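In: The following block contains a protein sequence and its predicted model.
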Amino acid sequence: MFPKAGVRCNVESNSQISGVFFRLEVAWPGAVPQPGQFFMCRLLPSAVFLPRAISFETFYIDPGGAKRLSFLIARKGKATEAFALLKKGDVVELRGPLGNSWLTVMPRNPPKPIALIGGNAGIAPLTALACAVKAQNLFHFYAGFRTEKNTLPLALLLTPAAASAVIACIASEAGKPRKKMFGAERVKGRIPDFVNYTGYSAVFACGSGPMLAAIAGHCRQSSTPCYVSLERPMACGTGACLGCAVQTRNGNKRCCVEGPIFPAEELVFE
Ligand code: FES
C-alpha cells in the first residue's frame, strides 16, 4: 500500500528545552492517535528531506476544541536540526497516526504497577501512554539520559509524564547527578540497572537497541512480560518498502505496520 498524502499542519510552538531536545507542537485536524503510535513528519518544501517517523508525546484538545500534538525530538542530524528551527506559523506535513499502540498490550487490572522505561527521546511514546491512561500509581516512570547536561532543564522534559505517572528514577550515564526531582532518585549509570523488575506486572520500554536488549534480558530473568517500541528509519510508513524490517523469531516483520511495539521475547536483538 502506497502512502496517502499527508496533512499540512500549522506549528503552534517549538520550544528549545536543552542543547539536545526540543518540543514541537502542531495543530492536528486528523484522527485521535493512540499512545505509542507515530507520524511520518515531513518538512516543507518536501524535496529537501525524507519524512521522519516520530512517535508523538502528547495529544490534547485545547479549550477552543482544537486538537494538538506534541513531539519531543532530539537533534541528531540535518533533518532534526531543520525541525528545531521551525517557528509558530510554519507548516509541516504529517501522515498518521501509524503503527500499533501500547493499549493493545496493556494487562487488564494488573496486580502490580507497570514500569515505563525510556531512554533519551524514547521517553516520548511512554509519556503519551501515561497521559492517555490517567490511573493513579499504575505507571512508574524510569528515564535515562546520556549526560546530565543534556537533561537540563529536566523538569521541562518530564513534566508531562509527571502529571500522570510516579517518576521512580532518573539516570544519567555521565555527569554528576543533581538533587531529587518529582521525588525521584537521581543516579549515575544506565537506567536498566536501576529497575526492580520483579516489582512490576509488565515493563514497557523505548530507547536505544543496547538499552532495550538489556531490559529484555532482565525481564526474561525475572519472568516479567516486556514490550518494547523500536525506532527504525522509515521511508513509506505503510508496509510497502520493507525498509524497516525487524528480525524476529517468526521471521522479519515491518516495524511500521506490525510495530513499532513488539513483545521483547519475540525479537532477535543484535
Ligand atoms: S517504512 Fe516502508 S515498510 Fe516500513
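Out: Cool, the structure landed.

In: Show the subsequent helix or strand relative to the lengthiest helix in the chain.
Out: Taking DSSP state H as the criterion, the chain has its longest helix at helix 209-222. Downstream of helix 209-222, the next assigned helix or strand under DSSP states H and E is strand 226-229.

In: Give the rounded mean pLDDT of that following strand.
Out: What strand 226-229 shows for mean pLDDT is 98.

In: List the neighbouring strands of it plus their orientation.
Out: Strand 226-229 has the following strand partners under DSSP bridges: strand 202-206 (parallel), strand 261-263 (antiparallel).

In: Please state the offset of that strand from the chain centre?
Out: 11 Å (CA atoms, centre = their mean, to the nearest Å).

In: now swap in stretch 212-221 and tell me
Out: Centroid separation for stretch 212-221 versus its chain: 19 Å, with CA atoms, centre = their mean.

In: got the contact list for Gln37?
Out: Contact analysis of Gln37 by CB atoms under 8 Å, 6 or more residues apart in numbering lists Ser55, Phe56, Gly96, Pro97, Leu98, Gly99, Asn100, Ser101. The C-beta positions use only the backbone N, C-alpha and C, and glycine is treated the same way.

In: Enumerate every residue touching Thr80.
Out: When contacts are counted by CB under 8 Å, 6+ apart, Thr80 touches Arg52, Ile73, Ala74.

In: which stretches of this structure aren't confidently modelled?
Out: Scanning the chain with the threshold set as pLDDT under 70 gives 1-4, 46-48, 148-154, 177.

In: Tell me which stretches of it form helices.
Out: 78-84, 123-132, 154-162, 209-222.

In: Mind checking those for the one nearest to Leu44?
Out: Minimum separation from Leu44 across the helices of the chain (CB to CB) falls at helix 78-84, 10.4 Å.

In: Check which residues of that closest one are buried.
Out: For helix 78-84, a neighbour-count test (16 or more other CB atoms under 10 Å) marks Ala79, Thr80, Phe83, Ala84 as buried.

In: residues contacting the residue lying closest to Met211 once chain neighbours are set aside?
Out: Excluding the flanking residues, the one nearest Met211 by CB to CB, 6 or more residues apart in numbering is Gly119, at 4.7 Å. By CB under 8 Å, 6+ apart, the contact set of Gly119 is Ala143, Gly144, Phe145, Ile191, Ala205, Cys206, Gly207, Ser208, Met211.
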